[in-house]
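**Q** Here is my input, please return the structure:
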Amino acid sequence: MPQKVQYQSKNTAEVTINAVKKVVDLCISSGTVKRLIYTASITAASPLKEDGSGYKNTIDESCWTPLHLSVPYGEGFIKDHTDAKTKSEQENLKIGEEKANELEVVTLVCGGVGGGGHLPYPSNSVVMFVSQIANNATNYQSLRYVEELLGKLPIVHIEDVCRAHIFCAETPSVKGRFFCASSYVTSAEIAKYYQKTYPQLNQDYMEELEREIIWGSKKLEDKGFAYKYSMNMILDDCLECAKGSGLI
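**A** Sure, this is the predicted structure:
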């Protein structure tokens, strides 16, 4: 009779952290990798206060998502994803401090990534950004979750993300945490921009939120990086990508 093998289940965050450690070990043991650039998520950088009393005045690299708080629309996979991205980035930065003599660690914390890129289908971020004109309640809830978590929506074009990775690889003495987003906007601002093209946009998907949170990150730009894509350009490219794929 074959024996039954019992597997111990692991949550998403634990699996992700183990993968991070494995990658770091391989980088160090190779003897040739000098800098590890980890693509992190802005969902790990919420400006929500630890006591749940609201948002901090500024969002910057000092912000970490308080995982004990309940955030509207944040359930199931979305919650697991946020936990995993937060804990894995923290693990990367911790290793970067402990192994500073062996490996430089950079975490590039990317906002919602828009633009077409070279995928044959729209990315999850693009689908989320056009949810208001696609009249898709599920994807709109994802958009609203990010907005509730971060106060507003940090966005960046895929080409700027690629350029930022190259910049971090080629610039001397770069390590630590860097935000990568060219705009910090509300879902209502996105809806109003698209409403010019789609005046029939469902008003249920335009929620005005008065939040005076300042985007305070300049670390990447202080190093010499410059963004090429504005909010309008990012949203225009998202719209073209959605049209081309038949999403709209």
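**Q** what helix or strand does residue 86 sit in?
**A** helix 77-98 (DSSP states H and E).
**Q** Now the element after that helix, going C-ward?
**A** strand 104-110.
**Q** in its sheet, what does the helix or strand following that next one sit against?
**A** Sequence-wise, the next helix or strand downstream of strand 104-110 (DSSP H and E) is strand 112-114. The strands beside strand 112-114 in its sheet (DSSP bridges) come out as strand 153-157 (parallel).
**Q** Only the buried residues of whichever helix or strand comes after the partner strand, if you could.
**A** Once the chain leaves strand 153-157, the next helix or strand it forms, by DSSP H and E, is helix 158-170. Buried residues in helix 158-170, counted by 16 or more other CB atoms under 10 Å: 158, 159, 160, 161, 163, 164, 165, 167, 168. Any C-beta I mention is one placed from the backbone N, CA and C, and that applies to glycine too.
**Q** now the residues you listed in TSV, with distance to residue 189?
**A** What follows is the buried residues of helix 158-170, written out as TSV (distance: CB to CB, whole Å):
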residue	distance to residue 189
158	20
159	22
160	19
161	21
163	24
164	23
165	27
167	27
168	29
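**Q** Just the element for residue 38, please.
**A** Residue 38 belongs to strand 35-41, assigned by DSSP H and E.
**Q** burial count for residue 51?
**A** Residue 51: 8 surrounding residues under other CB atoms under 10 Å.
**Q** cool, and residue 54?
**A** The burial count for residue 54: 12, using other CB under 10 Å.
**Q** What number of residues are in the vicinity of the spatially closest residue to it that is not a sequence neighbour?
**A** Excluding its sequence neighbours, the residue lying closest to residue 54 (CB to CB, 6 or more residues apart in numbering) is residue 48, at 7.6 Å. Look at residue 48: counted by other CB under 10 Å, it has 21 neighbours.
**Q** Regarding residue 48, what are the backbone dihedral angles?
**A** phi -60, psi 140 (degrees, to the nearest 10).
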